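Q: need a structure here:
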Amino acid sequence: MTFTLEPCRCTTYGDRFLVAADDVLGPRREAYRNCEQCRGAGSVAYPCHRCGRRGRRRAQLVVSVANLDTGAVASHQVVPGGLEPRRDPAGAWVVDLADRVRDLAADVGAIVSETDLPSLWLTAEWRPELPAARRHELEAEAILRADHAPWRLVLGRSVAVPVVDPAARLARLCALADLLLLDLVVEARRQGAGFGWDIRYEVPGTPVPVGTTGWYLSLAEALSRCDVAGALTGLTERGLAVPARRLRPDSPRPLAVAAVDVDQLERRILADCVDPASGDDLPGAQAIWRDGRWWYSTLRPGEPVEVLAEQPTGQVVRRVRVPLTRGYEPPAPPWLGEAVEWRPCPDCQPDSRLRACDCRVGGHPADPDCPHCCGAGLRPSALRCLTCGGTHRLYRTVSITVTDLRHRVVHLTWQAGTLEVAPLVATQPGGKPVVQLPDRYRLGSWAAVLDGRPEDLADADGGFEIDRNLRDGYVTLPWAGADPVGEYVRSAGRGAPAGRLIVVAARPEAPPLPEVLRLALGLDLALAVAVWDLRHNAGDPLRADGLRWSVEVEPRDAPPHPDDLPHQPSLAAALAWCVESLTDAVAGAVPADPATPIPVPCSGAYGFVIDPEPDLLRLAARHAGQAVTVRFTRAGCAVHRHDADGVRLLAQVPDLRDLWCL
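A: Below you'll find the model as predicted:
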């Protein structure tokens, strides 16, 4: 029927408007009569996401193993009748594809991770003595249960990845915490009968996060999986409510990190998970690396907090959360100075979801006829405030940390009210002046100090590109004569935890373009490389500049979309994103029609592939101002140009170098 009829969410709590989160009805469920989804019917029809509203599903699973170093690919398809089930220790029938994946890895000369090996579980009804038709039917059902990713890619390397030394990684994380003036938190929380471990960076004063934060079963496993980027992820979200203080990077600090015994640290944290006075189990414990030493603290339940959450059905669910607090708060580090001046954000309210309405954008007064706020100037929103970024504070001072995440760092302090020479460089269409601040306010200049490139500047939390205004020192003034440094500080400190912005000036770690090209050709897919040459806009603060890139793995017959314009600031960033999303891209290359089988690619190692980057740059320069996409396949390459009226095919050649012979 291409759709499913499911019980509505309102039947979980019955015919009640205000309900408690734990007050869930039993098997006999009653619909909420004023439900905004089912209108009291109790059931809702949803489009079937398994079949894509086609009414049929494909009983085929393909596992491909690829060598990222050579481009060699070997594949194995799983179909009914081709399985070899065996009994596991519990007596269930399972199809373990681990041995087959290892054989494929040996064929392509790759070493793969054991965590990437899939398995299929058959129902208890399956027996070897059943008729073939019935066995194939049960095997098809097992394959369908795994069709959320019908084409799975396992990547490997010719040489084994070096094993991570937990002690060495912990020492590096501690040294980087001292360098960036951050806390390194190692935390264990109870999860059922065991503990979940988490490692993260925090700004001093960050409260204990709500809910479970880590899923690793031991500290050694957490250290082997968590790198510097992972420890920095979520730094902004965790520190939004922390008040800002000045940094004193010249304060006395330890010169080196002493050797850390991982097992001893783990035992100490686990010992703190038990109350020494009563012997009762505590929710967890922490070890905080601050100012060159470890500080230990228990985690204890705090005061319960009641939270009301509106549901899509129109009901309101009442939840009671018990936050965790530290039993011991370490003393403030010596590199923290006095508090920073700030004023409340005028466009949001801390205890509600009210934000400034769109009718007030640009400093305009509230529109009395606005359909969203009805003239109030505020409207509820689930997004962060665009003015303060969710901190509810507008700081007069912001601290900037620029680092290469190795051993070099620069700490900057920008303060509103500082008199600077800021010449006028442009005027916005609405008449607002645009000025440019001196070099010490341009993060692109500080990247060069650390031997980095301005296009590689990225936010340490998430790796997002740094805004061009911060990179080049541009600031738009609300009126002529406004404080340029003050407006610049407010822009840089928007959403920054504790008034701090940590910027990474390092080239993204990514394989070279020829390696990714060999891999795409080995999978018999297309590699679409787009480049947009905007270097002629250099010096114009109102227009994008530089080179923009995108690298994507696509099906061979996928047409270029006119709105898919490159947006990555460098080729390395585009390649890093392509490799990170490669498994999803391969899964998305599955034919939509279930009658069309999934391809089973198999190819040997590719020889030397000439780097197409010089030809891509030459092609982009010839069509400056317009995005150019080159799709590489086994049959050759097709060159497209993005015009105002769509995408235009320029040429189809066996090799990109042949383009200059036309």
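Q: residue ranges for the strands of the stretch 401-550 of the chain, please.
A: 409-415, 424-427, 433-436, 457-459, 474-476, 500-505, 526-534, 546-554 (DSSP state E, counting those that start in this stretch).
Q: Partner strands of the second one and their direction?
A: Just to be clear, that refers to strand 424-427. Sheet pairing of strand 424-427 (DSSP bridges) gives strand 433-436 (antiparallel).
Q: Mind checking the strands of the stretch 401-550 of the chain for the one nearest to residue 368?
A: Of all those, strand 474-476 sits nearest to residue 368, with 27.9 Å by CB to CB. For the C-beta atoms, the positions are set from N, CA and C on the backbone; glycine is no exception.
Q: how about CSV for the strands of the stretch 401-550 of the chain, with mean pLDDT added?
A: Shown next, in CSV, are these (pLDDT from 0 to 100):
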stretch, mean pLDDT
strand 409-415, 94
strand 424-427, 94
strand 433-436, 95
strand 457-459, 95
strand 474-476, 95
strand 500-505, 95
strand 526-534, 95
strand 546-554, 95
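Q: how about those in CSV, adding mean neighbour count?
A: Listed next are these as CSV, based on neighbours: other CB atoms under 10 Å:
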stretch, mean neighbour count
strand 409-415, 18
strand 424-427, 14
strand 433-436, 20
strand 457-459, 20
strand 474-476, 23
strand 500-505, 24
strand 526-534, 23
strand 546-554, 21
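Q: out of the ones you listed, nearest to residue 49?
A: strand 546-554 (22.0 Å).
Q: chain center to the longest helix seen in the chain: distance?
A: Counting by DSSP state H, the longest helix found in the chain is helix 166-180. Helix 166-180 sits 23 Å away from the centroid of its parent chain (CA atoms, centre = their mean, to the nearest Å).
Q: now the angle from it to strand 409-415?
A: 30 degrees (axes from the mean of the first three to the mean of the last three CA atoms, to 10 degrees).
Q: Pull out the buried residues from the helix or strand just after helix 166-180.
A: Sequence-wise, the next helix or strand downstream of helix 166-180 (DSSP states H and E) is strand 183-191. Under the neighbour-count criterion of 16 or more other CB atoms under 10 Å, strand 183-191 has 183-190 buried.
Q: residues making contact with the helix or strand following strand 183-191?
A: Using DSSP H and E, the helix or strand that follows strand 183-191 in sequence is strand 194-202. If you take CB atoms under 8 Å, 6 or more residues apart in numbering as the criterion, strand 194-202 is touched by 173, 177, 180, 182-190, 212-219, 221-223, 226, 230-235, 238-239, 270, 273, 284.
Q: ok, and for strand 194-202, which residues are buried?
A: Judged by neighbour count (16+ other CB under 10 Å), strand 194-202 contains these buried residues: 195-202.
Q: Need the contact partners of the longest helix of the chain.
A: 183-184, 199, 201, 219-220, 223-224, 227-228, 231, 253-254, 256-257, 259-262, 265, 289-292, 401, 403, 405, 407, 409, 502.
Q: Check stretch 499-506 too.
A: 180, 203, 232, 235, 239, 244-245, 247, 340, 342, 395, 397-406, 443, 446-447, 450, 452-453, 456-461, 463, 466, 492-493.
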